[in-house]
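Asks: below are the sequence and a predicted model; questions follow.
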Amino acid sequence: MKIGVISLGCAKNLVDTENLLGILSLGNQEIVQNYEDAEAIIINTYGFIESAKSEAIDTILEAASYKEQGLKKLIVMGCLSQRYKPQLVEELPEVDRFITLNEYKDLGKILSEELGVKIPNTYGKTSRILSGKPWMAYLKIAEGCDNKCSYCAIPGIRGPLDSFPEEELVREARRLASQGVKELNLIAQDSSRYGYDWDHRLHLSSLLKQLDEIEGLRWIRILYLYPDEIPDDLLETIRQSRHILPYFDIPTQHGSNRMLRAMNRRGSREEILERVQTIRNTFENAVLRTTLITGFPGETEEDHQLSLDLLEKIRWDHLGAFTYSKEEDTPSYELEDDVPPEEKDRRLQEIYELQNRIVQEDRQKLLHHSCTILIEGYEGITSMYKGRSEMFAPDGTDGFVRVRSDRNLKPGDMIRAEYIRINGYSMTAEDRGDADD
Ligand code: SF4
């Protein structure tokens, strides 16, 4: 059967989609890129914020229009199905089946019944098919979240923390490395809590030590570390490793203790500062990334200034900031959304203006420093290669580096390079030969 697969949302959802592609491929189904040719379309949705819901609904309606051109089955899975299945069944009769997250263990069986073909019922247990660049993969180390951030609907959708067994993850990582993956990015809702659901202890260090031994993996990066759960032994594991990058993605969300408490976040701005200082003392080349929310209910100008102040004190390498929006089924939904939209936008703009200045000032310090770059493509207009150094995660938010080289480089090559021109976010490096293993 010709099947089109659409993946929406975050890297965690992408891993689910790649697991889906794995069982479809094992069942000898043909994956088509052109949806006009598809006999079935499966959409893996994301739906924990308003904009993601709208995008998912638009995508479903657009896919449904192919039913006039021969599409026989339209199937929707993922967060949106999990969250709204009863309403969706009523309101979107164009969709033949909504599959919730709880049903994934029987995904092959359900798809076999729906599509009338034989698909193995081995979702998550067999090789996934990487849908992106073959040298990079995400490794989802856990599902769900036990934290109760008051603005977040994810625990209600994805359920409590469920860490995947170490031996399965190591096996999957080995398989990915044997397929040519050089860069592995560990993801979860809160990666720092990996294993906490087993015995109330953190097991990330133990997992990392095993992954670090895998032949072929050159970069291992951890995304989403909760600020109060980055213990010294984790830093020591990274420091002693061969391939784990000192890249710290630490969503802090706010710089005011009053707001952190209102958001039901653990830890204080003082503790965040202390952890960042320890990281910087441990790693000369630490890369730090965070996310911030502005305009949370009750946020005053003083709170906002505290966020700016923390930003100035820490000087993150990368930042993503968002204005607060009310989400159904979250504790903060009941709170009055009392910061006017134009004020939220003004605060967001101030955050980004400050971040832009920090980037402008701090990246200059990297000029003539050496780095390793993973080549990802070629840019005709500048006649330069494009790639990412250690300081850029692959999820599209950190950016990229242009590379000047006389050599014939291929996507996936890893080279040594020197930064030769830096202007804020725009960075150019020069090829200095192949990178060591
Ligand atoms: S850590 Fe907080 S924001 Fe992140 S998924 Fe869990 S509850 Fe949501």
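Replies: Structure received. Numbering: from 1, shown residues only.
Asks: buried sites along stretch 220-235?
Replies: By 16 or more other CB atoms under 10 Å, the buried positions in stretch 220-235 come out as I220, R221, I222, L223, Y224, L225, Y226, P227, E229, I230, L234, L235. From N, CA and C alone the C-beta is placed, and that goes for glycine too.
Asks: so which residues of the stretch 301-437 of the chain form strands?
Replies: Here the stretch 301-437 of the chain has its strands, by DSSP state E, counting those that start in this stretch, at 318-323, 370-379, 384-389, 401-404, 414-423, 426-434.
Asks: circling back to that earlier point, quick check: the farthest pair among the buried residues of stretch 220-235?
Replies: I220 and P227 (20.7 Å; CB to CB).
Asks: the host helix or strand of N185: how far from the chain's middle?
Replies: Assigned by DSSP states H and E, N185 belongs to strand 183-187. In this view, strand 183-187 has its centroid 9 Å away from the chain centroid, taken as CA atoms, centre = their mean, to the nearest Å.
Asks: which helices and strands does it pack with?
Replies: Under the contact criterion of 3 or more CB pairs under 8 Å, 6 or more residues apart in numbering; DSSP states H and E, strand 183-187 touches helix 11-26, strand 136-140, helix 166-178, helix 204-212, strand 219-222.
Asks: okay, now W316: neighbour count?
Replies: Applying other CB atoms under 10 Å, we find 22 other residues in the vicinity of W316.
Asks: again with T282
Replies: By other CB under 10 Å, the residues close to T282 number 14.
Asks: could you do T237 as well?
Replies: T237: 18 surrounding residues under other CB under 10 Å.
Asks: so which residues on this protein come close to the ligand?
Replies: Residues of the chain found near the ligand (CB under 6 Å from any ligand atom) are C145, N147, C149, C152, I154, P155, Q189, D190.
Asks: what is the nearest of those residues to D96?
Replies: Using CB to CB, the residues of the chain next to the ligand come closest to D96 at I154, 27.1 Å.
Asks: what's the closest non-adjacent residue to Q360?
Replies: Computed as CB to CB, 6 or more residues apart in numbering, the closest residue to Q360 that is not its neighbour in sequence is G424, at 4.6 Å.
Asks: quick one, what contacts L8?
Replies: Going by CB atoms under 8 Å, 6 or more residues apart in numbering, L8 touches I43, N44, T45, Y46, A52, E55, A56, T59, G78.
Asks: rerun that using 6 Å as the cut-off
Replies: T45, Y46, A56 (CB atoms under 6 Å, 6 or more residues apart in numbering).
Asks: show me how to select, in ChimeraX, the buried members of these.
Replies: Entered in ChimeraX, the line below selects the buried ones among the contacts of L8, by 16+ other CB under 10 Å:
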select :45,46,56
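Asks: quick one: which of the contacts of L8 sit in helices?
Replies: Using DSSP state H, the members of the contacts of L8 that fall in helices are A56.
Asks: the closest residue to the ligand within the stretch 201-350 of the chain and S256: what is the separation?
Replies: As assessed by CB to the nearest ligand atom, the ligand sits closest to Y226 within the stretch 201-350 of the chain, at 6.1 Å. Applying CB to CB, to the nearest Å, the value for Y226 to S256 is 18 Å.
Asks: please apply the same query to I375.
Replies: From I375 to S256 the distance is 42 Å (CB to CB).
Asks: follow-up on the earlier one: now the residue nearest to Q360: how far from the ligand?
Replies: 29 Å (CB to the nearest ligand atom, to the nearest Å).
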